[in-house]
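Asks: build me a model:
(chains A and B)
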Amino acid sequence: MGAISLVRAPMAMDSARKLALFEQSVMPHLNAAYNLARWLTRSGPDAEDLVQEASLRAFRAFETFQGEDARAWLLAIVRNTCFTFLKKRGDRPAIEFDEQAHGVADESPDAESVLLNQAALGSLNNCLEALPLEYREAIVLRELEELSYKEISEIARVPIGTVMSRLARARKRLQQCLEGALR
Amino acid sequence: MNCEIARQMTETNDPALAQHQLSCPSCIVGAHARYYEAPPALEQKIRASLWREAAPAVPWRWIAIAASILLAVSAAWNLTLLRSRVAPRQLLAETVLSAHLRSLSGTHLLDVPSTDQHTVKPWFAGKLDFSPPVKEVDGFPLLGGRIEYFEGHSAAALVYGRRAHIINLFVWPSAATPESSQTRNGYQMRTWSANGMTFWAVSDLNQTELADFVSLYRRN
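Replies: Numbers count the residues shown, from 1 in each chain, chains lettered A, B, ... in the order given. A predicted model of the protein is given here:
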């Protein structure tokens, strides 16, 4: 009579342990995963599907997770899932010129005395959405997730220098866009 | 000025901030850009899909073999029980447990796989002459439902998950029966009745968790 529990228990324990561990280390970062996917795809339903897909991938690859930062690990998977999806859907590569070849002009912006009001906040989100994919990725990871340059470079699979130049360009574009919107 | 100061100034609505904010788009993004939180349903959906992913790790073939042995043994035992005129309630428990084991050993766990009570409940509508209370239970994601036939009547089986464990909740209309719980072949079983229906919850979960499930379900 006890045969079933004997056969089943070890396997159930393994998957149960894996589920519990995953629940404890990865699931708390679902908001970060969704936020990134939402900003990258600019669509709620797409973000939901992709986060679900990415979570499943993460779960399948959970054995390879070395116990480093679970959030960065999950975000890297989410990011790749989103990029694959966007590429398949035929979104054009976002950055139109060689980042290494063109330095960022280090001019200090002459900020006009424009108050940041409700309308400005609306345009802020619009401006952020309008950024090219790779810039948006960098700025969301940096400013909303507060990841380090090194973590971003690992997630986006580019050198740290590229991360920095993307961030600089992203900020410059954001600023121009905001100034344009608020003028 | 660093971003933290900028954030604090934003909260106090300091106009001097405008100057800084335009010169520091990062601060604006960090402080004001929308942070999209995952919809609550997404978390449930992911849990259910993780559970489905984890479940096949169970060696179905061996369970099938073990279950058929168990069925044979239990059939034989039933006969013995019949002969010895064991209380009908015990026979019912045996039948319910068999239904639970059958659902695990074959491919027929779910007729309607859905984590949404508003999908599962209407599904039963055309198939049963009663309406089983399909509820969402916190921490025990609904996985779907199916129809069972035993003891000469049909019953709804609502299937819930908890980590890698399955809970079958059988429901059928009947006269009120006393509440009880028991452990049978290592499986936890609890029965109660409410609103003219009898409920049987069966699982390989531990006793405490199944009791939690039952009280959460009954409270909802």
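Asks: need the phi and psi values for B:Val159.
Replies: phi -110, psi 120 (degrees, to the nearest 10).
Asks: next one: B:Ser181
Replies: Torsion angles, degrees, to the nearest 10, at B:Ser181: phi -140, psi 150.
Asks: hmm, it is touching B:Tyr187, no?
Replies: No: B:Ser181 is beyond contact range of B:Tyr187, at 11.3 Å (criterion: CB atoms under 8 Å). For the C-beta atoms, the positions are set from N, CA and C on the backbone; glycine is no exception.
Asks: neighbour count winner among the two?
Replies: Of the pair B:Ser181 and B:Tyr187, B:Tyr187 is the one with more neighbours under other CB atoms under 10 Å in any protein chain shown, namely 20 against 14.
Asks: show the pLDDT at that one.
Replies: B:Tyr187 is assigned 91 on the pLDDT scale.
Asks: give the contact list for it.
Replies: Neighbour list for B:Tyr187: B:97, B:100, B:202-204 [criterion: CB atoms under 8 Å, 6 or more residues apart in numbering or on different chains].
Asks: switch to 6 Å and redo it
Replies: B:97, B:202, B:204 (CB atoms under 6 Å, 6 or more residues apart in numbering or on different chains).
Asks: let me know the closest of the residues you listed to chain A.
Replies: B:Asp204 (7.0 Å; CB to the nearest CB).
Asks: which of the contacts of B:Tyr187 sits closest to B:Leu110?
Replies: B:Val202 (15.6 Å; CB to CB).
Asks: ok, for the closest one, nearest residue in space, not its chain neighbours?
Replies: Nearest residue to B:Val202 in three dimensions, chain neighbours excluded: B:His100, at 4.1 Å (CB to CB, 6 or more residues apart in numbering or on different chains).
Asks: next helix or strand past the helix or strand containing B:Arg89?
Replies: Assigned by DSSP states H and E, B:Arg89 falls within helix B:88-105. Remark: after helix B:88-105, the chain's next helix or strand is strand B:112-113, criterion DSSP H and E.
Asks: rewinding a little: would you check that the residue nearest to B:Val202 makes contact with B:Asn168?
Replies: Yes: taking CB atoms under 6 Å as the definition, B:His100 is a contact partner of B:Asn168 at 4.7 Å.
Asks: common neighbours of these two, please.
Replies: Common neighbours of B:His100 and B:Asn168 (CB under 6 Å, 6+ apart) are B:Val202.
Asks: is it true that B:Thr115 touches B:Ala48?
Replies: Yes: if you go by CB under 6 Å, B:Thr115 and B:Ala48 touch, sitting 4.7 Å apart.
Asks: next, count neighbours for B:Thr80.
Replies: For B:Thr80, using other CB under 10 Å, the count is 10.
Asks: relative to B:Leu101, how far out is it?
Replies: In this view, B:Thr80 and B:Leu101 are 19 Å apart by CB to CB, to the nearest Å.
Asks: same check on B:Ser114?
Replies: Taking CB to CB, one finds B:Ser114 at 23 Å from B:Leu101.
Asks: which one of those two has more residues nearby?
Replies: The neighbour count for B:Ser114 versus B:Leu101, taken as other CB under 10 Å, is higher for B:Leu101 (23 against 17).
Asks: can you say which helix or strand has A:Ile152 in it?
Replies: Going by DSSP H and E, A:Ile152 is part of helix A:149-156.
Asks: for the following helix or strand past that helix, packing partners?
Replies: Using DSSP H and E, the helix or strand that follows helix A:149-156 towards the C-terminus is helix A:160-182. In terms of contacts (3 or more CB pairs under 6 Å, 6 or more residues apart in numbering or on different chains; DSSP states H and E), helix A:160-182 is packed against helix A:118-130, helix A:133-139, helix A:149-156, helix B:25-32.
Asks: out of the ones you listed, deepest packed?
Replies: Among the helices and strands packed on helix A:160-182, ranked by average contacts under mean count of other CB atoms under 10 Å in any protein chain shown, first place goes to helix A:133-139 (a mean of 24).
Asks: which strands and helices sit next to that helix?
Replies: Short answer (3+ CB pairs under 6 Å, 6+ apart): helix A:133-139 packs on helix A:160-182.
Asks: now with 10 Å?
Replies: helix A:30-41, helix A:70-89, helix A:118-130, helix A:149-156, helix A:160-182, helix B:25-32 (3 or more CB pairs under 10 Å, 6 or more residues apart in numbering or on different chains; DSSP states H and E).
Asks: export these to a markdown table and tack on mean pLDDT and distance to A:Ile139?
Replies: Shown next, in a markdown table, are the helices and strands packed on helix A:133-139 (pLDDT from 0 to 100; distance: least, CB to CB, whole Å):
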| stretch | mean pLDDT | distance to A:Ile139 |
| --- | --- | --- |
| helix A:30-41 | 96 | 9 |
| helix A:70-89 | 93 | 14 |
| helix A:118-130 | 80 | 7 |
| helix A:149-156 | 94 | 10 |
| helix A:160-182 | 88 | 4 |
| helix B:25-32 | 72 | 6 |
